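Participant: pasting the sequence and the predicted model now:
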Amino acid sequence: MRITGLDWTHFRLPLREVFHTATGGFAQREGVLLRLTTDAGLVGFGEASPHPALGRGAVQDVLEALRRQAPRLLGAQVEEVEALSTNIPPALACALDTAACDILARARGIGVARLLSADPRNSVPVNAVIAAETAAGAASEAAAAREAGFPCVKLKVGTAATPAAEVERVAAVRQALDPHIKLRLDANGAWTCEQAVSLIRALARFDLELVEQPVSAGDLEGLAQVRAAVGVPIAADEAVTGVEAARQVLEAAAADVLVIKPMVVGGLRPARRIIEMATAAGVEVIVTTTIDSAVGTAAALHLAATLPPTARACGLATGALLAGDLVKKPPTAQAGWMQLPDRPGLGVEPDADLLARFAITAEGVRA
């Protein structure tokens, strides 16, 4: 199958409220929706929404790279898309890879998860995410997650003014949860090595499942030191920017768990290679979105379905943070689980009216 057309729409989706992390807050998600068409009449979709921490200029980088890349892709075989997606922003590589996988799976009448793995799961356990800045607000969100049936809650940390305030906030969330609900923390690289060791030891009494990225992404030595000094499992998140970066984390023995974002590592097939590397090294994997539209979320869901049945809850239930979406019926969590779509390919397609509502610009090229 040859690519006969590429269309892309620059969109902006509002969040229900400002989402706060240690790297800052944001109130909207901006990205690019990509549509590939082929001479076989099949269409594939992908999303390029750079991580919010990269700033708004990252979306312009995607658009500029796409304008350069599109002529090279016209006339190419769909199977060649990944090989041709070099020296471009990871989010764009993810969109192209996702769209290609969507087409290849549709051609075989299977879901993308089955294209990536011979024996994927039909549903995936997911965690709730809490970013409220106050202890009372975080506890309220935790109670809501408990009532919704989530088996796991991730609390954003690293934003409190003092260690005592950090402990108070975590304590409030743990108290709002049932004992069987797992609690994980995500520091987004906010702490020094010394701060991380001290705080994790102080917080360990709250029965933590794991702590994500306690130190900065570039400090693998510090990450390994924290892992060796505390009794709580440590996950690498921002440090996992691609296949080679993941290999370096594994070689440094810096994490018990790798957090993989398809939007960050450059697509579904690169993400699968990271999963295979981690599995061979005895390291677990969690798949998360970057608070994407339903298209990016569906892609991450298919990837998460390729993890073992014993895998930890994944960070896919982020669509509820958005005040609008590009799909009429986006993937949603039910009692802490997300079901894979039962249609071929990604199983979701953008709605023309919704896309027009949230569009900023639209472009395209034809063979």
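Facilitator: Cool, the structure landed.

Participant: contacts, neighbours, all on C-alpha from now
Facilitator: Fine.

Participant: pull out the buried residues from the one helix or strand residue 37 maps to.
Facilitator: Assigned by DSSP states H and E, residue 37 belongs to strand 24-38. Neighbour counts over strand 24-38 (16 or more other CA atoms under 10 Å) mark 26-38 as buried.

Participant: again with stretch 47-63
Facilitator: For stretch 47-63, using 16+ other CA under 10 Å, the buried residues are 47-52, 58-59, 62-63.

Participant: closest one of those to residue 124?
Facilitator: Nearest to residue 124 among the buried residues of stretch 47-63: residue 47, at 21.0 Å, using CA to CA.

Participant: using CSV, lay out the buried residues of strand 24-38 together with pLDDT and distance to residue 184.
Facilitator: Listed next are those as CSV, based on pLDDT from 0 to 100; distance: CA to CA, whole Å:
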residue, pLDDT, distance to residue 184
26, 90, 22
27, 92, 24
28, 95, 25
29, 96, 24
30, 97, 27
31, 98, 28
32, 98, 31
33, 98, 31
34, 98, 34
35, 98, 36
36, 98, 38
37, 98, 41
38, 98, 43
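
Participant: so which residues of this structure form helices?
Facilitator: Along the chain, the stretches classed as helices by DSSP state H are 57-73, 81-84, 90-108, 112-116, 135-148, 163-176, 193-203, 220-229, 243-251, 262-265, 268-280, 294-304, 352-358.

Participant: residue 145: neighbour count?
Facilitator: 23 (other CA atoms under 10 Å).

Participant: hang on, isn't it packed against residue 154?
Facilitator: No: using CA atoms under 8 Å, residue 145 makes no contact with residue 154, being 10.2 Å away.

Participant: what sits in contact with each of these two?
Facilitator: Listed as contacting both residue 145 and residue 154 by CA atoms under 8 Å, 6 or more residues apart in numbering are residue 128.

Participant: in JSON lines: the helices of the chain, plus distance to residue 324 and mean pLDDT.
Facilitator: Shown next, in JSON lines, are the helices of the chain (distance: least, CA to CA, whole Å; pLDDT from 0 to 100):
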{"stretch": "helix 57-73", "distance to residue 324": "19", "mean pLDDT": "95"}
{"stretch": "helix 81-84", "distance to residue 324": "30", "mean pLDDT": "94"}
{"stretch": "helix 90-108", "distance to residue 324": "20", "mean pLDDT": "98"}
{"stretch": "helix 112-116", "distance to residue 324": "25", "mean pLDDT": "98"}
{"stretch": "helix 135-148", "distance to residue 324": "20", "mean pLDDT": "98"}
{"stretch": "helix 163-176", "distance to residue 324": "28", "mean pLDDT": "97"}
{"stretch": "helix 193-203", "distance to residue 324": "36", "mean pLDDT": "97"}
{"stretch": "helix 220-229", "distance to residue 324": "37", "mean pLDDT": "98"}
{"stretch": "helix 243-251", "distance to residue 324": "32", "mean pLDDT": "98"}
{"stretch": "helix 262-265", "distance to residue 324": "20", "mean pLDDT": "98"}
{"stretch": "helix 268-280", "distance to residue 324": "25", "mean pLDDT": "98"}
{"stretch": "helix 294-304", "distance to residue 324": "10", "mean pLDDT": "98"}
{"stretch": "helix 352-358", "distance to residue 324": "8", "mean pLDDT": "97"}
